[in-house]
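this one's structure only:
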């Protein structure tokens, strides 16, 4: 594949937009990146998935570092579920080589439509109410217990440290295995599966679940990325500008998040995802309305 | 009492160590990818070719592609180092249950790396 300087710049811009949108509406950039690479640049979907996984590792490493610093990510819980997600990631990576690009595109379109529905149903994130007791300077936002799957986090609404204990670990592990397969097969972080699994299935508070999911995604993604490396699907000249763009976009998106209406953005992006998912299916069958 | 307090504060120290490691790995990877991209663009080479994990040192790989691939490898190995760091940090806390869990994750990642090299 030949890439002129303009194409490299366009890749970085696409990465920037994917990273920015992802940070603004709270989804990973993969769901935007893969269809953009396939439909706009004519990249093979398996190379697009490998490229997306590189970006997923970059954003997760960045977000994960923030959440562990704050004490919000429960590292013992994350590590426990990583046994299942890494096995799922390897399975997904191996499966991708044997699944035809048409089936892969159809699966990706299905996941995009599902993400669009979840985004439309998502509630608006209002600024948290003022805490009854301000956090003491230097006090971490969360804490995990040594030797067990439990912890506490600072709840701004109640102005207190709320304790939690993780339950139904086998259920969470089973769902995490599926999240790993989806990540490896489609090049996405899989947070939209892990967060509800932890929150609804394992009774982990949503704030801790989201932080722990971000912490885990990097390890999940590399388990399949190594498999894609072996199969020759990692093209550094393609992946590097996209990953650099995504990293810059994610930083800018985080800074902009407070100024833009998340509800409007979610509606626009959900509409775009539905249209692109239809185009992905048509493209897989050789029909492209955009070219 | 002091030992109990130190034990209670351990997860926070672990978090700070992990944060430093993740940030350092990410920064090094971004620098390598950016320099590699600049070298590739300056060389006038337009061909985007795949690079397999253990072919980074191969003579046929251009300097730009090699640096970018190295950046991707540093990025990919940063979470692996995070798992290994937690094995050591939890062993220091004598949290053997989670040392075992982290070792299983490390072994699984080792399997993925072996598949990547194969």
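Received the coordinates, thanks. All figures in this text were calculated on a predicted structure; none of them were measured in a lab.

for the rest of this, base every contact and every neighbour count on C-alpha atoms.
Fine.

what's the closest non-adjacent residue to the most centrally placed residue in chain B?
Centroid-nearest residue in chain B, with C-alpha atoms, centre = their mean: residue B:78, separated by 1.6 Å. The shortest distance from residue B:78 to any residue other than its chain neighbours is 5.5 Å, reached at residue B:25 (C-alpha to C-alpha, 6 or more residues apart in numbering or on different chains).

show me where chain A has its helices.
Counting by DSSP state H, residue ranges of the helices within chain A are A:5-25, A:30-41, A:45-70, A:75-98, A:101-121, A:169-186, A:191-196, A:206-230, A:236-256, A:262-284.

let's have these in a markdown table, adding mean neighbour count, distance to residue B:35 and mean pLDDT.
Output for these, formatted as a markdown table (neighbours: other C-alpha atoms under 10 Å in any protein chain shown; distance: least, C-alpha to C-alpha, whole Å; pLDDT from 0 to 100):
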| stretch | mean neighbour count | distance to residue B:35 | mean pLDDT |
| --- | --- | --- | --- |
| helix A:5-25 | 22 | 14 | 87 |
| helix A:30-41 | 22 | 23 | 87 |
| helix A:45-70 | 27 | 17 | 88 |
| helix A:75-98 | 24 | 29 | 92 |
| helix A:101-121 | 18 | 33 | 80 |
| helix A:169-186 | 24 | 28 | 90 |
| helix A:191-196 | 21 | 31 | 82 |
| helix A:206-230 | 28 | 21 | 88 |
| helix A:236-256 | 24 | 10 | 86 |
| helix A:262-284 | 18 | 33 | 75 |
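
these two touch, right, residue B:16 and residue A:64?
No - under the criterion of C-alpha atoms under 8 Å, residue B:16 makes no contact with residue A:64, lying 11.6 Å away.

tell me the angle the longest helix seen in chain B makes with helix A:236-256.
Taking DSSP H as the criterion, chain B has its longest helix at helix B:2-43. Going by axes from the mean of the first three to the mean of the last three C-alpha atoms, to 10 degrees, helix B:2-43 is angled at 130 degrees with respect to helix A:236-256.

skipping its backbone neighbours, what lies nearest the residue in the stretch 51-200 of chain A that chain B sits nearest to in space?
Evaluated by C-alpha to the nearest C-alpha, the stretch 51-200 of chain A has residue A:65 as its residue closest to chain B, separated by 4.5 Å. With sequence-adjacent residues excluded and distances taken as C-alpha to C-alpha, 6+ apart, residue A:65 is closest to residue B:19, at 4.5 Å.

contact partners for that neighbour?
Under the criterion of C-alpha atoms under 8 Å, 6 or more residues apart in numbering or on different chains, the contact list for residue B:19 reads A:64, A:65, A:66, A:68, A:69.

okay, now the unreliable bits of chain B?
When residues are selected by pLDDT under 70, those of chain B lie in B:1-8, B:59, B:116-118.

roughly how far apart are the closest residue to residue A:185 other than its chain neighbours and residue A:269?
Once its chain neighbours are removed from consideration, residue A:185 has its nearest residue in residue A:92; the separation is 4.5 Å (C-alpha to C-alpha, 6+ apart). Counting by C-alpha to C-alpha, to the nearest Å, the gap from residue A:92 to residue A:269 is 27 Å.

repeat that for residue A:24.
Counting by C-alpha to C-alpha, the gap between residue A:24 and residue A:269 amounts to 11 Å.

residue B:35 too?
33 Å.

what of residue B:61?
Residue B:61 sits 39 Å away from residue A:269, taking C-alpha to C-alpha as the criterion.

also residue A:110?
Summarising the geometry, the distance separating residue A:110 from residue A:269, computed by C-alpha to C-alpha, is 16 Å.

how about residue B:107?
Applying C-alpha to C-alpha to residue B:107 and residue A:269 gives a distance of 39 Å.

pretty sure residue A:88 contacts residue A:174?
No - counting by C-alpha under 8 Å, residue A:174 is not a contact partner of residue A:88; they are 9.6 Å apart.

isn't residue B:79 up against residue B:18?
No - between residue B:79 and residue B:18 there is no contact under C-alpha under 8 Å: 9.6 Å.

show me which of these two is the more surrounded one.
Summary of the neighbour comparison: residue B:79 and residue B:18, criterion other C-alpha atoms under 10 Å in any protein chain shown, with residue B:79 having more neighbours (28 against 24).

tell me the contacts of that one?
When contacts are counted by C-alpha under 8 Å, 6+ apart, residue B:79 is found next to A:61, A:218, A:219, A:222, B:22.

kindly recompute the last result at 10 Å.
Taking C-alpha atoms under 10 Å, 6 or more residues apart in numbering or on different chains, we find residue B:79 in contact with A:57, A:60-61, A:215-222, B:18, B:21-22, B:25-26, B:85, B:109.

please apply the same query to residue A:280.
Contacts for residue A:280 were tallied using C-alpha under 10 Å, 6+ apart; they are A:35-36, A:38-39, A:102, A:104-110, A:112, A:274, A:286-288.

contact residues of the stretch 151-291 of chain A facing chain B?
Listed as neighbours of chain B in the stretch 151-291 of chain A under the rule C-alpha under 10 Å from any C-alpha of the partner chain: A:215-241, A:243-244, A:247.
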